[in-house]
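Colleague: generate coordinates for the sequence data below:
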Amino acid sequence: MHMLDGSNIINSLPLAALDVGHHLYWRLGDLQLHGQVFLTSWFVIGLLLIAAIAANRNVQRIPSGIQNLMEYALEFIRDLTKNQIGEKEYRPWVPFIGTLFLFIFVSNWSGALLPWKLIHLPSGELAAPTNDINTTVALALLTSLAYFYAGFRKRGLGYLAKYIQPTPILLPINILEDFTKPLSLSFRLFGNILADELVVGVLVLLVPFIVPMPVMLLGLFTSAIQALVFATLAAVYIGEAIEGHGEHEEEH
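Modeller: You can find the predicted model right below:
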């Protein structure tokens with residue numbers, strides 16, 4: 001009887017019906033989607049597509065304008081991928097690493113530069129795509145699939161031998177490591193972007209004019225750093241998955 005009374009008390013507490021934030025939901029059958037995340041994500045994807053089309057529309061031998069910017073971005077991403085994965089194996093992974101970096105970079109800056117909150121929705125509010133944990137987890141899971149694919153593609157079933165190296169005693173720890181990689185990637189990106197937007201939002205409410213500006217500029221810098229960190233770690237994990245394959249071929 002006392003246990004029933006205790007359960008009734010717990011169910012009557014307001015925390016039982018706690019909902020964090022308000023969201024614009026879309027229904028696709030039994031699937032519930034966060035509409036505001038899709039809207040801002042499509043906006044970012046649209047910007048990247050427009051920039052790519054504009055850069056390739058009238059290619060010049062001496063690049064300028066948007067072509068020069070996109071070629072610089074491609075060179076930067078190519079160097080990043082080469083440094084982390086290696087000279088022989090990096091080329092197939094440039095599009096993947098580049099997509100991650102550009103999407104996260106533009107998403108982060110969209111949250112720092114665009115006044116999303118001025119656009120009113122029936123429910124919820126617009127924000128940077130990386131301000132939502134669903135987006136960062138999806139990006140981290142794609143990275144996990146990429147480095148598993150890289151490992152099995154280059155080393156076959158021999159890739160599984162890494163879980164018992166240097167000793168089989170480390171098998172549980174090595175398995176746990178593959179679960180913590182996407183968790184650390186997703187929570188690092190989500191936490192930094194959310195914290196930056198919350199700090200700027202609070203300062204704008206308290207001191208609307210001059211004081212928030214340095215914090216917003218710092219937010220642009222940290223947003224770029226977070227995109228670089230995510231892309232670099234993704235390349236590092238892929239490089240680790242195929243590590244030793246090229247060395248094995250050289251020995252033969």
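
Colleague: against Gly46, how distant is Glu125?
Modeller: Going from Glu125 to Gly46 by C-beta to C-beta, to the nearest Å gives 20 Å. Just so you know, the C-beta spots here come from the backbone N, C-alpha and C atoms, and that holds for glycine as well.

Colleague: neighbour count winner among those two?
Modeller: Neighbour totals were compared for Glu125 and Gly46, and Glu125 leads with 15 against 10 (other C-beta atoms under 10 Å).

Colleague: show me what contacts the nearest residue to the more buried one once chain neighbours are set aside?
Modeller: Distances taken as C-beta to C-beta, 6 or more residues apart in numbering place Lys117 nearest to Glu125, at 5.7 Å, with adjacent residues excluded. When contacts are counted by C-beta atoms under 8 Å, 6 or more residues apart in numbering, Lys117 touches 125-127.

Colleague: now swap in Phe103 and tell me
Modeller: Contacts for Phe103 were tallied using C-beta under 8 Å, 6+ apart; they are 44-45, 48, 129, 139.

Colleague: does it lie in a helix or a strand, and which?
Modeller: Per DSSP states H and E, Phe103 falls inside helix 94-113.

Colleague: can you pull the alpha-carbon coordinates of that helix into PDB?
Modeller: Output of helix 94-113 as PDB, limited to C-alpha atoms (Å, rounded to 0.1, in the frame of the first residue of the first chain):
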ATOM      1  CA  VAL A  94      38.500  14.100 -49.200                       C
ATOM      2  CA  PRO A  95      34.800  14.400 -50.200                       C
ATOM      3  CA  PHE A  96      33.600  12.900 -46.900                       C
ATOM      4  CA  ILE A  97      35.800  14.900 -44.700                       C
ATOM      5  CA  GLY A  98      35.100  18.000 -46.800                       C
ATOM      6  CA  THR A  99      31.400  17.600 -46.500                       C
ATOM      7  CA  LEU A 100      31.600  17.200 -42.700                       C
ATOM      8  CA  PHE A 101      33.800  20.300 -42.300                       C
ATOM      9  CA  LEU A 102      31.800  22.600 -44.600                       C
ATOM     10  CA  PHE A 103      28.400  21.500 -43.300                       C
ATOM     11  CA  ILE A 104      29.500  22.000 -39.600                       C
ATOM     12  CA  PHE A 105      31.400  25.200 -40.400                       C
ATOM     13  CA  VAL A 106      28.400  26.900 -42.200                       C
ATOM     14  CA  SER A 107      25.900  25.500 -39.700                       C
ATOM     15  CA  ASN A 108      27.900  26.900 -36.700                       C
ATOM     16  CA  TRP A 109      28.300  30.300 -38.400                       C
ATOM     17  CA  SER A 110      24.600  30.400 -39.300                       C
ATOM     18  CA  GLY A 111      23.800  30.200 -35.600                       C
ATOM     19  CA  ALA A 112      26.300  33.000 -34.800                       C
ATOM     20  CA  LEU A 113      25.400  35.400 -37.600                       C
END
